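# Here you go, sequence then predicted model.
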Amino acid sequence: MTRCIEANVSTLRCETEGHLTPYVTFIGDTDMVTADLGSLSSIISAEVVLAELKTGETFNQPSDMFESRINKLLERDDLRFVHLRRIDQEDIPAGLSFQEYKKVYSPARLVFACPRCGADCFAIRTESPKAFEQRGGKLKLIGDLTLRE
Ligand SMILES: [Zn+2]
């Protein structure tokens, strides 16, 4: 049975070299829905490859089993797993009124490691898969997967 998955595509930009990397975030009601899905980003073009993980596969460096399996399968060497480095969240002082809280609140910022140079990189845009493809991006699905519009 074809598995229907939901995802957004972000464009990450690194702060030192300005490298742009497409990055897919899977959307699910629970972690169970997306736990066995993985995505790899090309370091040479605006392309993301999505696939299901096999049992026991991990994203851990230095030996990323998923990354090496998919590169081998597609006879490529430009696909990388993009690692989340940390989450920046400003401290919000206790005891604020809701109005004050709204003024100081900023959403948590995800900091990734640029797959090209290792510098910190951040999402500068997040869009639907369709919008990403309309801008010339490519999404490649491996196996019996389809993306929900
Ligand atoms: Zn970079």
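Here it is on my side, so go on.

# tally of neighbours for the closest residue to residue 136 other than its chain neighbours?
Ranked by CB to CB, 6 or more residues apart in numbering and with sequence neighbours excluded, the top spatial neighbour of residue 136 is residue 46, at 6.3 Å. Every C-beta, even on glycine, is put in place using the N, C-alpha and C of the backbone. Applying other CB atoms under 10 Å, we find 18 residues neighbouring residue 46.

# With the one 5 residues further on instead?
Taking other CB under 10 Å as the criterion, the count of residues near residue 51 is 21.

# Downstream of the helix-or-strand element of the chain with minimal mean pLDDT, the next helix or strand is which one?
Using mean pLDDT, DSSP states H and E, the weakest-scoring helix or strand in the chain turns out to be helix 31-34, at a mean of 71. Of the helices and strands lying after helix 31-34 in sequence (DSSP states H and E), the nearest is strand 37-42.

# Would you mind putting the CA coordinates of the helix or strand following that next one into CSV?
Using DSSP H and E, the helix or strand that follows strand 37-42 in sequence is strand 47-52. Provided in CSV are the C-alpha atoms of strand 47-52 (Å, rounded to 0.1, in the frame of the first residue of the first chain):
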residue,chain,number,x,y,z
GLU,A,47,17.0,18.5,-4.2
VAL,A,48,15.8,16.4,-1.2
VAL,A,49,15.5,12.6,-1.2
LEU,A,50,12.9,11.0,1.1
ALA,A,51,12.9,7.3,2.1
GLU,A,52,11.8,4.9,4.8
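
# Which residues outside strand 47-52 are in contact with it?
For strand 47-52, contacts defined as CB atoms under 8 Å, 6 or more residues apart in numbering pick out 3, 5, 7, 9, 22-24, 36-42, 66, 70, 74, 79, 137-143, 145, 147.
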